[in-house]
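S.K.: Need a 3D model of the sequence below.
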Amino acid sequence: MTELVLLHLSAFLIGLSKAGFGGGTGIVVGPILLLILPAKETIGLMLPLLFACDIVSLYFYWKKWDWSNLVVLIPGAFVGIGSGYFLLDSVSDDHLKTIIGIAAIGFAFFQVYRRRFGRQSRLFQPRVWHGTISGLVTGFISTLAHIGGTVTTMYLLPQNLPNRTFVATTTAFYFLINLCKIPVYLQLNVLDLSMFNRIFPLLPMLFFGTGLGVYLNRRVSNSIFSMIILLIVILTGLKLLFW
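M.R.: Take a look at the predicted model:
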């Protein structure tokens with residue numbers, strides 16, 4: 001019963017986060033599932049949920065992305081996913097749990113920093129190698145823990161892109177990354193076809209979370225809610241590391 005509740009809660013939070021409400025809401029999902037599932041099963045189960053949300057989000061932001069950023073991010077991401085493949089094949093569940101815990105805490109503190117200091121006033125003019133490295137690190141971390149978006153945000157945010165362009169660019173980039181991770185996870189048996197049977201009952205909650213996120217985005221300030229979520233992320237990350 002506990003596992004069922006947490007699985008539906010995770011699907012709801014992923015949908016809420018993908019809709020842009022709650023800031024770091026989605027990052028709490030991995031640590032929550034790690035309380036009831038092995039690390040590799042957790043990341044395997046999360047991938048189809050994330051990908052389903054990517055497809056829905058892509059519909060709303062089709063061709064609104066910034067091509068110049070995608071062109072420099074994508075090649076590095078492919079290399080990062082390849083590097084993550086070899087590490088994921090050899091890393092133990094305990095070590096992977098530690099990696100996810102550290103990444104979750106780091107992400108939470110970055111979100112706090114971003115909210116505290118906001119966008120930089122001076123426009124950032126990225127070079128090709130900036131985007132290549134950002135894509136590589138994003139692909140690598142995302143393969144291990146689905147938290148690579150932090151690096152992408154650090155690269156794109158200082159460019160002061162229009163909000164719609166920013167979201168569309170990250171949506172397209174995450175869609176491609178998660179699409180590439182599917183054969184990697186299948187090859188490593190992190191994801192198998194039986195998992196899709198567990199995913200289908202969660203889709204209504206996933207889409208409900210997405211719809212609610214869109215609704216709340218237009219009517220509710222999410223700053224307090226986001227800070228509560230980030231506090232939960234930090235505490236859960238610490239639990240993964242020390243308990």
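
S.K.: and Cys180, what does it touch?
M.R.: Neighbouring residues of Cys180 by C-beta atoms under 8 Å, 6 or more residues apart in numbering: Ala77, Phe78, Ile81, Gly139. Any C-beta I mention is one placed from the backbone N, CA and C, and that applies to glycine too.

S.K.: Using just helix, strand and coil, how would you label it?
M.R.: helix (DSSP: H, G, I helix; E, B strand; the rest coil).

S.K.: again with the one 10 residues further on
M.R.: Three states are possible here, and by three-state DSSP the one that applies to Val190 is coil.

S.K.: How about it, nearest residue that isn't a chain neighbour?
M.R.: Distances taken as C-beta to C-beta, 6 or more residues apart in numbering place Gly44 nearest to Val190, at 4.2 Å, with adjacent residues excluded.

S.K.: That neighbour touches Gln187, doesn't it?
M.R.: No. The pair Gly44 / Gln187 is not scored as a contact, 11.8 Å apart, by C-beta atoms under 8 Å.

S.K.: And the two? Which one has more around it.
M.R.: Gly44 (20 against 11; other C-beta atoms under 10 Å).

S.K.: Work out for me the element that one sits within.
M.R.: Per DSSP states H and E, Gly44 falls inside helix 39-60.

S.K.: Quick check: which helices or strands does that helix pack against?
M.R.: Packing partners of helix 39-60 (3 or more C-beta pairs under 8 Å, 6 or more residues apart in numbering; DSSP states H and E): helix 2-18, helix 29-34, helix 93-117, helix 163-187, helix 193-199, helix 203-219.
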